[in-house]
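1. I'll drop the sequence and a predicted model, then ask my questions.
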Amino acid sequence: MSWQTALLLFPGLVIGLTIHETAHALSAKWLGDRTAEKMGRISLNPFRHLSLLGTLALFVLGFGWGKPVTVNIYNFKRPKLYYFLSSIAGPVSNLILSAIALAIMYLKPNWLIMWICLSVFYINAVLAVINLLPVPPLDGSKIWPCIIPGLKPTVSKNWSRFWILFLLVALYTGLIDKVITPVFHFLNSLLPAA
């Protein structure tokens with residue numbers, strides 16, 4: 001990915017990651033776990049959620065990430081259900097942001113608002129889809145064990161490095177493209193006519 005493309009996508013990433021991580025923190029608080037709140041993660045300040053390495057990776061590797069929100073499943077009265085709800089809050093917030101950006105684009109705003117909305121629309125839709133994959137440290141690794149009977153919603157941190165390596169390999173071998181390309185085709189079909 002060129003630095004120009006990364007720069008175009010940057011507003012969507014900043015807005016998307018900030019809302020995504022805030023949604024995790026806020027939903028966890030509402031459900032009984034105040035861990036993220038105590039860490040100052042219920043905030044719309046992007047600097048509380050952006051990872052320096054993850055932001056730089058957008059420009060170098062073509063994808064980026066934020067600082068994950070810490071959730072203590074043992075603070076929930078109904079651990080499996082509440083962990084599921086706090087985990088899915090991030091991807092749901094991305095879908096809502098994407099829908100709002102699309103609606104604004106149909107209002108034909110000026111070029112600056114249109115550019116920001118286009119960035120928010122694409123990035124947030126992709127963040128939602130990617131985060132549903134059952135691969136640590138993505139949200140899907142927390143969501144699916146809460147849904148599938150017999151699985152426990154905990155992942156050993158020892159495996160996280162392996163999965164990050166897997167994600168990098170999947171990205172560079174084109175495996176991720178098999179998920180993303182149909183998403184982009186669908187998103188393009190939703191855009192207003194020029």
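-> Nice, I can see it.
2. can you give me the helices in this protein?
-> Counting by DSSP state H, the chain has helices at residues 3-30, 35-38, 52-60, 79-105, 111-130, 140-147, 160-173, 177-190.
3. what would the ones you listed look like in CSV with mean pLDDT and mean neighbour count?
-> C-betas here are computed from N, CA, C, even on glycine. Output for the helices of the chain, formatted as CSV (pLDDT from 0 to 100; neighbours: other C-beta atoms under 10 Å):
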stretch, mean pLDDT, mean neighbour count
helix 3-30, 90, 20
helix 35-38, 96, 16
helix 52-60, 74, 15
helix 79-105, 97, 20
helix 111-130, 93, 20
helix 140-147, 92, 19
helix 160-173, 75, 14
helix 177-190, 88, 12
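4. could those helices go into CSV alongside distance to residue 45?
-> Below are these laid out as CSV (distance: least, C-beta to C-beta, whole Å):
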stretch, distance to residue 45
helix 3-30, 8
helix 35-38, 14
helix 52-60, 14
helix 79-105, 16
helix 111-130, 18
helix 140-147, 24
helix 160-173, 26
helix 177-190, 28
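5. Can you tell me which of those is nearest to residue 68?
-> Nearest to residue 68 among those is helix 3-30 (7.4 Å), distances taken as C-beta to C-beta.
6. residues near the closest residue in space to residue 14 that isn't next to it in sequence, how many?
-> In this structure, residue 14 finds its nearest non-sequential neighbour in residue 46, 5.1 Å apart by C-beta to C-beta, 6 or more residues apart in numbering. Using other C-beta atoms under 10 Å, residue 46 has 17 neighbouring residues.
7. What's the separation between residue 46 and residue 16?
-> 10 Å (C-beta to C-beta, to the nearest Å).
8. ok, the residue positioned nearest the centre of the chain to residue 19 distance?
-> By C-alpha atoms, centre = their mean, the chain has its centre lying nearest to residue 127, at 4.1 Å. Look at residue 127 and residue 19: by C-beta to C-beta, they are 10 Å apart.
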